[in-house]
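K.L.:
give me coordinates for this.
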Amino acid sequence: MKSVLTRLDTFEQEIADNGSSRARLEVVEAAAQCAIRCPTLALERPDGSPLIAIENLELVTGEMSLVTGRSGMGKSTLLRALAGIWPHAGGRIEIPCGARLMVLPQRPYFATRLAARGDHLPSCCRDQH
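P.N.:
Numbering: from 1, shown residues only. Below you'll find the model as predicted:
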């Protein structure tokens, strides 16, 4: 468990350190919209090299979206940027007022034994696990 906490602490510190030096991403709340919109979004690797550039992305509430591409294209990085946890980005993201975004990682950040027991689930879901 200590290694998991150390990894998360390091991850959070790197976001804080890198985000302060490159605050080029503008995230704004848009009052009368029911979608996440990105008129322009440029994602970079941590070394500053370009990863992917996106124009006119719109994810509408209640509609399903599928993000596809080969490994390393930036699919997970796009989701991290939308959730505000990828500091190497530029452009603009518009989110609905009061919206809360969450990204589930490809690799879980909790101990395997907890996952098997269902301890990570909210209390309302534990009986169903």
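K.L.:
what residue is smack in the middle of the protein?
P.N.:
By C-alpha atoms, centre = their mean, the chain has its centre lying nearest to residue 80, at 2.2 Å.
K.L.:
nearest residue to that one in space, please, no chain neighbours.
P.N.:
Nearest residue to residue 80, sequence neighbours excluded (C-beta to C-beta, 6 or more residues apart in numbering): residue 86, at 3.8 Å. Using the backbone N, CA and C atoms, a C-beta is placed for each residue, glycine as well.
K.L.:
quick one, what contacts the one you found?
P.N.:
Residues in contact with residue 86 (C-beta atoms under 8 Å, 6 or more residues apart in numbering) are 43, 77, 80.
K.L.:
could you check how far it is from residue 46?
P.N.:
Using C-beta to C-beta, to the nearest Å, residue 86 is found at 10 Å from residue 46.
K.L.:
can you give me the distance of the residue nearest to residue 80 to residue 34?
P.N.:
24 Å.
K.L.:
what of residue 88?
P.N.:
28 Å.
K.L.:
which one of those two is surrounded by more residues?
P.N.:
residue 88 (23 against 11; other C-beta atoms under 10 Å).
K.L.:
that one against residue 48, yeah?
P.N.:
Yes: judged on C-beta atoms under 8 Å, residue 88 makes contact with residue 48 at a distance of 7.4 Å.
K.L.:
for the one helix or strand residue 36 maps to, name the packing helices and strands.
P.N.:
Assessed by DSSP states H and E, residue 36 sits inside strand 35-44. Secondary-structure packing of strand 35-44 (3 or more C-beta pairs under 8 Å, 6 or more residues apart in numbering; DSSP states H and E): strand 50-60, helix 75-83, strand 89-96.
K.L.:
parallel or antiparallel, which strands does that strand pair with?
P.N.:
In the sheet, strand 35-44 lines up against strand 50-60 (antiparallel), strand 89-96 (antiparallel) (DSSP bridges).
K.L.:
and residue 26, which of those is closest to it?
P.N.:
Nearest to residue 26 among those is strand 89-96 (4.7 Å), distances taken as C-beta to C-beta.
K.L.:
can I get that closest one in PDB, CA atoms only?
P.N.:
The C-alpha trace of strand 89-96 is given here as PDB (Å, rounded to 0.1, in the frame of the first residue of the first chain):
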ATOM      1  CA  ALA A  89      -1.400  20.700 -23.400                       C
ATOM      2  CA  GLY A  90      -2.400  23.900 -25.100                       C
ATOM      3  CA  GLY A  91      -5.700  25.200 -26.400                       C
ATOM      4  CA  ARG A  92      -9.200  25.500 -24.900                       C
ATOM      5  CA  ILE A  93     -11.600  23.100 -23.200                       C
ATOM      6  CA  GLU A  94     -15.200  24.100 -22.600                       C
ATOM      7  CA  ILE A  95     -17.100  22.100 -20.000                       C
ATOM      8  CA  PRO A  96     -20.700  22.500 -18.800                       C
END
